[in-house]
Structure formats: structure tokens, C-alpha cells
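Visitor: Sharing a model prediction with you, sequence too.
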4 protein chains.
Amino acid sequence: MSEAEVPESESTRERILDVAERLFAQRGLAGTAVRDIAREAGLTAPSLYNHFEGKQALYEAVIARGVQPLFDLIDPLAVGGAGAARAPRAADDAMADERGGAILDGIMDHLAAHPDIARLIQYESLTGGASLSRIVEGWLRPIVEAGRAAMDRGADSVWTEEEQPMAVAAWIHVILGHFAMAPLLRELFGTDPLAKEQIERQKRFLRRYAQLMMVGGADR
Amino acid sequence: MSEAEVPESESTRERILDVAERLFAQRGLAGTAVRDIAREAGLTAPSLYNHFEGKQALYEAVIARGVQPLFDLIDPLAVGGAGAARAPRAADDAMADERGGAILDGIMDHLAAHPDIARLIQYESLTGGASLSRIVEGWLRPIVEAGRAAMDRGADSVWTEEEQPMAVAAWIHVILGHFAMAPLLRELFGTDPLAKEQIERQKRFLRRYAQLMMVGGADR
Amino acid sequence: MSEAEVPESESTRERILDVAERLFAQRGLAGTAVRDIAREAGLTAPSLYNHFEGKQALYEAVIARGVQPLFDLIDPLAVGGAGAARAPRAADDAMADERGGAILDGIMDHLAAHPDIARLIQYESLTGGASLSRIVEGWLRPIVEAGRAAMDRGADSVWTEEEQPMAVAAWIHVILGHFAMAPLLRELFGTDPLAKEQIERQKRFLRRYAQLMMVGGADR
Amino acid sequence: MSEAEVPESESTRERILDVAERLFAQRGLAGTAVRDIAREAGLTAPSLYNHFEGKQALYEAVIARGVQPLFDLIDPLAVGGAGAARAPRAADDAMADERGGAILDGIMDHLAAHPDIARLIQYESLTGGASLSRIVEGWLRPIVEAGRAAMDRGADSVWTEEEQPMAVAAWIHVILGHFAMAPLLRELFGTDPLAKEQIERQKRFLRRYAQLMMVGGADR
DNA sequence: GATGAATGAGGATTCATTCAT
DNA sequence: AATGAATGAATCCTCATTCAT
């Protein structure tokens, strides 16, 4: 097997992952037939088993691939968290804010490019699927920790300690919900949440939302 | 509440609906076997067909039953909308606020008592299921309209006209998310969102959240 | 149980038989659901079991009721066959002819009034059903015997001894086929074989057919 | 014909069709279980779905395959119809007669080799099945048209215009009935209509029947 | 006589997966 | 890497029938 053959096989694998991501997001794990994925990827179900061990493995690969960029995005946070002790307060705060904003934008952009990922995460959250804990530990926990650290540093947090988890949860719901619950929002507002300009609006909204939720001030 | 009341033979049909609600919420429509529902309801799968025309019909009945109380809760809103013209502004606003708070509490209480409903709604929202539009039209639209009316009356809304739909959407995500994404929150925070005191916390949180989201002030 | 009660119960029984005759004729035994018969008869499936022991028993009752008039029609034949020895040839032949014509007309009229019977008989003939031998022995055999006797008496039969059974079979096919294969004939000729005037045509046709088949002469 | 020819592995698909043809003819569509067909064909029911889309599709394939040779047999008729204008009357008539006889023999031979086809056609005729119109249009209509043309040419037809359709119908009933109603005939006459010599007898009978029915003469 | 509820048996079909090619 | 064929398990659902009321 020469190296030249790989690209094609890789592209098949990616094609399968693409289709599977879409179908799993639309119909859920149980509601998606391996044969449908295979057909839309241009092969037969048995052939798919040359690329993935089984349905469950394919599902996990889809989630792993979809979530990895989100993991990568928050890497700076983890580094920043560790480095916080080294930097002076004020500068760090400003940097953190900027970094937070950048990360938020990055997350939004990635979810906008792959809205199915948000749906998959919500599916996992609903059903308590097997991949849930990896998502939580690898992605949400670092974010939460960073957020908590930021709040601890700032004296003017809007939320009491008791409220903080719920405020964080609210963030999660708002960010994921925009993408995951697109069908509902389409029906309710008549606009497509996944349309480019609607995503821009949501990003602007989130920036103001952040001010309200974190700083408490409304400087409209 | 005597033991004789609804001990176990609560009309079979209700028992089926109860079990189905739970299982559909846990596993989704496709992931739930009619036979499992029947077994947990204490009968065989064919017997279930004496009470419901089929799996889809059962699913819709579950949603209809679960959503009805939510519809009923917002009835006052519809009435209030009609009566608004008759009442003086200030008094009406106060009433509306109070009513809004009461309705919010009612919704929270109902969802707390039937967290599976929130999950079902989120499933429908994710998949764009057939019952989605009824939920939107019968429940969310009236709420949104009432909210929009309230915002129009008050000159000091926090949100621009462009932002309003997203603010409303955020509300929906936060309220449903607390119940629907319980597995994720449990994993992330180590507390059970469905526990009584956690729900009370969420209700308190939502009251402060409301001030932030609607008035923009933070009077902690 | 007073006599006054009977009519209603009898009418239910008859109603069931009527519906069952129609549905069995349309869809066959296996293709007809007891529940469908019950519904169209205005009751539920379990209630039907108050009138008939089961599906098979109902089916046999339908056939028995439908075939009885055909049995009755050929009674004169049986009597005539026995009485033939007593009567002089010539007169008997004429009588037999007349009687044969009358019986043929009677059969046609009955099948015209109950075309489903013809279909049921053909179903039984196709599948070799359990009721087939009763139909053969009680109805067809006497007719065949009478026909054979008539042929034996007359020296001028068109058919050799070898051909006689096939000639008889042809008669059966032509008579039953007109009613049983109505869907095919409708499609092929665009006319409804069960329409009153079409049945009259068929009866006229059969009279000429009889001359050809029995006498061999064509006196058009 | 060596044993290796079509011993048992005649392509599975053909094996399924063979079994299905037999069982459908014996028990009708509704009365035949897919599993039974599969079992007798040497596989499991799900495997059968690798070869046919479903029961209905299998049924239609059985009919299509069974009827095709009948379609092919009458092809000359269609050609002859077109070529009639070119040929002189008398010769054409003779040819037509000969051709008609050959075709009749061909049909008889095919039905003798595949008596289940006759039964299937009669089932379709009884129930007005979905394949009926294709059978009528593709097979019977051409025959009828050819017959009508022949009758129109000849001045000495036995039948009036009104009677012609019924005479044609009689032909159909007699030909199909011999095979389709074999169980009844067996019971009635004690001989097997499908036995080789009985089929020969029926063919001889049909030739004399043809003289009677078409020419009106009886030249025994 | 009638019926709602229940059920065992069965029936068509889907599905994830295996395997020989 | 791909696939046609095969299959055990499962799924939804129908059906004939029973039984308590």
C-alpha cells in the first residue's frame, strides 16, 4: 500500500464522517441507519466497516472529530490559567477579557461552520451518552474553571457564588441552543439561525449579553 | 393522599403515557421500543395498541399531554393582551410584571415536576419533529408576543429591536436547558439540577436573570 | 328467549354473513380480517364470536348459505333422474331440455344476485379449500350426472365420451367465470359483467352456447 | 440435460421466484408468508430482501416472469395484424388460422408447463389485483383484437357482434379454468387435469371446441 | 348480545454486522 | 477497499381469539 493511495482512503473516511455527522445530528444515534450513512457517502454498509469498527465507533469518531477543534480553542485558557500567577493582575485581566472574547468568537465561528456539532453535544447532553463526560471534562470544565477564576479575581461579579454555576450553565445553553435548536427558532422567528448574517447578529448579541452577565452593566 | 388514590391502576392509558414520557425523554423516539414501554407499563406490546394507534400516535399523545399544562399556564397572557387596552399603563405594567413572574414560576414548577417534558421539547427542537410547530404556535409564540408587547410598552428595554428575538431565544434556552440538559449539568457541577433545592436555586437565579435581561439593572 | 328476539339476532347474523360474503369474495379467506367484517357489520370482533365460532366457521357458513340455493335449484334434476325410468323417452327429453334451460336460468339468476358466490367457489377451486368437496358433491356432481344421462339418451351428442368431461368443465368455467372474473372482463371489455343488461346478454349468449355445445347446430 | 445444469443453485433469485410462484398460486398473496417462501428456497426471510424489495415486489416479479412468455407467444399476432394489409385475404386467413392454432397450442403448452401461472392470473382476476391491467393490456387485448379482426374478415362467424365479447370471454375461462381450477376438476372427474395425457386431451378438445365456437360446424 | 382489554402467535421488514470473493 | 449475499436479533404491528364485565 503506497502512500499515494492514502489520500483517497482518507477522503472516504472523511466523507463518511461528514455524512454521519449530518445524519446523527438530524436523527440521533438510534434514528440513523448505517446503511443511510453509507449510501450518502457513496458506498455500501459493509464497506463502511473497512473504515470504522461499527456504528458506535463511528459515532464516537464523529464526536471526537467535531469536538477536537473546540478543545484546541480553549488550550490558551488552560495555559493562561496556569500562568495567571505569574502575571500582574490588571494586565492579566485585560488579556483574559480579550482572550475570552476571542475564544468566544472562535467557538461561535466553529459552531457556525459545524452546527451539527452543537446538535450532537445537545443530543449527548439529553441522553447522557457515553461521550458526554469527555466533552465535559475536555471542553466545558476548563472553560468553567477559567470563568470561575476570572470571577474570583474580579470583585464586581454580578453573581453570587451560589449563582455562578447557573450563570455558566446559562451561557452554555445560549451558545449551544442557537445552533442546536435551529428548527425551533426558524419556526418561531421565521429567520434561519444558521444564516451568515444571523450568526453575526448572534455574535454581537453575545457580546452585549456578556457585559450584562459578567459585568452587570448595560451601556447600550 | 391515601394509597387508594392513584396507586397503580391509574387507567392504564395514563400509566402508558407516564412510562412513554420517561422513556422517550431518555432515549428519544427512535431509540425507544414499544415493547419496552409496554413492559414497564405492565402489559404486552399488542395490548398497548388497544390504547394508542401506534408508536407515533403515542409519542404525540405524550407530547400533547405534557405540553397542555404549559399552554394553560399562558392563557392569562392571551387574556391580558386583549385587556391591555382597557387598563391604565402603570398599573398594567405592574400587573404584567407580576403576571409574568407568576407564569415563569408556574412554568418552572411544571417543568420541575415533569422534567421529561423539557427534554421532549428539546428533542423536537433538535430534530424538527412533527409536533414542533404546535408547541411553537401554542406555547412559545404567545409568550414571545406578550414579551414583545411588554418591551414595546416600556421605553427602557435593554435590547434593541434587532436583539430582542435573540434575547427571547436565550430565555428559552436557559429555561429548557436546565431540565433538558440535566445529565451534562450533573456531570459538570456534580449537583442534580432536578433536585428540589437546585430547582429553587434556579428559580431564584432566573428572577435575577430576569432583572438583568429585561431591566438591565443589577441590584444585587 | 322469546320468538320476538330472534329477528334482530337473526338480522345481525345475516348482516355478518352478508359482509363476510362480500369481503371473502373480494380478498379471499386469508386476506380478510375478522375485525373488518365485524366493523362493516356494525359490531366489534369479539361480538362476532357470539354468532360464529370463529373465522373458519364463519367462512363455511358463508359458503353453505351461498351454495344452498344452488343445491335447491338442482333438486328437480335429482328427482327427474330418478323418475326418468318412468316416463317415455321423447316427452322426457323435451322436459329435460326445458328443465335444463330453467335450471340454467335459475343458476344464472342466483349468481347474478349473488356474484360473490361465484367468486367464493372459484377461490375454493383455486386453493382446493375444505368446502370444495361439498360443493362438488352436492352441486356439480348431480348436474354432471344429469348432463351425462341426457347425453347418453340422445344419440346425437356433439362430444365423444372422452370429450364429455371437458365439455362439462367448459360449462362450469364459462358460467362461473362470467361472475368470478368480473374485474378482468371489466378491464378487457369496458363493460360491467354484473350490470343487469349485461347479465341478460350473457343469458342469451348461454342459450346459443348451449345449442352449440350440446346439439352442435348453429341456427343463427 | 446434465444434472449439473440447473441443479439447485439456479441463481437463488430464480429459486425464490419458483418457490414463490408455487406458493402464491396455492395460497394466494395474503395467504403466503414470506418466511415460507424463503425457507423453501433455502434461505432466511431477511436474506430474501437482498433479492426483492418486499413481498409485493416479489409477487409482481413472479407474475411478470410468468406472463412474459405469454406476451412473447402472441407477438406474431401483433406482427400479423400489421402485415394483414399486404397479404391477400384467403392466404392470410389460412395463415391466421394456422397461426391461431399454433399460438393456442403454445399457450396451452406454456400453461401446462407452468399451471401456477394460470392460477395466478385467476387470482388477479378475482381480486382485481394491481397486475391485472398489465396482463389484460399486454396479453388478452392483443389476442382479442386479433380474434375480432379474424371474425370481421370472415363473413360466417357464429356470433353476432353483441355476442363476440362473451364468446371471447368463454375462451379465456375455458383455457385458464382447465389449469386454475384443477383441484375442482380433480375432485369432480377423478382425473388430474395437469397430467400429461389429460392436457393432450384438453388440447384436442379445444381444437374441436374452436370449430364449434368459431365456425359453428360440428364435423365429428 | 355486546364490548374493552388483553394476549400469544405470527408476519413483514429493518438493522448492524459478518464473510467470502 | 469494496461488495453481494446472508443472517440473528429486533421492531412495529396485525390477527384471531379469550374473558371479565
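Guide: Received it, and whenever you're ready, just let me know what you need. Because the structure is predicted, anything quoted here is derived from the model rather than measured.
Visitor: Up against DNA strand E, what does chain A have?
Guide: Proximity of chain A to DNA strand E (CB under 7 Å from any atom of the strand) is limited to residues A:T32, A:A33, A:V34, A:R35, A:A45, A:P46, A:Y49, A:G54, A:K55, A:Q56. Using the backbone N, CA and C atoms, a C-beta is placed for each residue, glycine as well.
Visitor: ok, now with 6 Å
Guide: A:A33, A:V34, A:R35, A:A45, A:P46, A:Y49, A:G54, A:K55, A:Q56 (CB under 6 Å from any atom of the strand).
Visitor: So the second one is in contact with A:L48, correct?
Guide: Translated: A:V34. Yes - between A:V34 and A:L48 there is a contact at 6.3 Å, judged by CB atoms under 8 Å.
Visitor: Helix or strand for A:L58, just tell me which one.
Guide: If you go by DSSP states H and E, A:L58 is part of helix A:55-73.
Visitor: for that helix, packing partners?
Guide: For helix A:55-73, the elements it packs on are helix A:6-27, helix A:34-40, helix A:89-113, helix A:115-127, helix A:132-135, judged by 3 or more CB pairs under 8 Å, 6 or more residues apart in numbering or on different chains; DSSP states H and E.
Visitor: Dump those helices to a markdown table, plus mean neighbour count and mean pLDDT.
Guide: Listed next are the helices and strands packed on helix A:55-73 as a markdown table, based on neighbours: other CB atoms under 10 Å in any protein chain shown; pLDDT from 0 to 100:
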| stretch | mean neighbour count | mean pLDDT |
| --- | --- | --- |
| helix A:6-27 | 17 | 86 |
| helix A:34-40 | 17 | 98 |
| helix A:89-113 | 15 | 74 |
| helix A:115-127 | 24 | 94 |
| helix A:132-135 | 20 | 92 |
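Visitor: A:S47: neighbour count?
Guide: Residues lying near A:S47 (other CB atoms under 10 Å in any protein chain shown) number 13.
Visitor: Grab the nearest non-local neighbour of it.
Guide: Spatial nearest neighbour of A:S47, excluding adjacent residues (CB to CB, 6 or more residues apart in numbering or on different chains): A:A38 at 6.6 Å.
Visitor: show me the contacts for the nearest residue to A:V144 once chain neighbours are set aside.
Guide: Nearest non-adjacent residue to A:V144, counting by CB to CB, 6+ apart: A:V168, 5.3 Å away. Residues in contact with A:V168, defined by CB atoms under 8 Å, 6 or more residues apart in numbering or on different chains, are A:V144, A:G147, A:R148.
Visitor: please redo it, this time with the cut-off set to 10 Å
Guide: A:L140, A:I143, A:V144, A:G147, A:R148, A:M151, A:W159, A:M213, B:L185, B:L188, B:F189 (CB atoms under 10 Å, 6 or more residues apart in numbering or on different chains).
Visitor: ok, now A:D109?
Guide: A:P69, A:L73, A:I199, A:K203.
Visitor: Same question for A:A64.
Guide: A:L17, A:F71, A:S131, A:R134, A:I135, A:G138.
Visitor: ok, the last one touching A:P69?
Guide: The reference is to A:G138. No - A:G138 lies out of contact with A:P69 (CB atoms under 10 Å); the separation is 11.7 Å.
Visitor: How is chain A partitioned into domains?
Guide: Annotated domains of chain A cover A:1-52, A:63-215 [automatic domain parsing].
Visitor: Same list (the ones you listed) but as TSV, adding distance to D:V62.
Guide: Formatted as TSV, the domains of chain A follow (distance: least, CB to CB, whole Å):
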stretch	distance to D:V62
domain A:1-52	26
domain A:63-215	44
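Visitor: Out of those, which gets nearest to D:L111?
Guide: In terms of CB to CB, the element of the domains of chain A nearest to D:L111 is domain A:1-52, at 40.9 Å.
Visitor: Centre of the chain to that closest one, how far?
Guide: Mean-position distance between domain A:1-52 and its chain equals 22 Å (CA atoms, centre = their mean, to the nearest Å).
Visitor: Could you do stretch A:105-117 as well?
Guide: Centroid separation between stretch A:105-117 and its chain, computed with CA atoms, centre = their mean, is 7 Å.
Visitor: quick one on the thing from earlier: which one of the contacts of A:A64 is nearest to DNA strand F?
Guide: Each of the contacts of A:A64 was checked against DNA strand F using CB to the nearest atom of the strand; the closest is A:L17, at 13.0 Å.
Visitor: ok, the closest one touching A:A41?
Guide: Yes - between A:L17 and A:A41 there is a contact at 8.8 Å, judged by CB under 10 Å.
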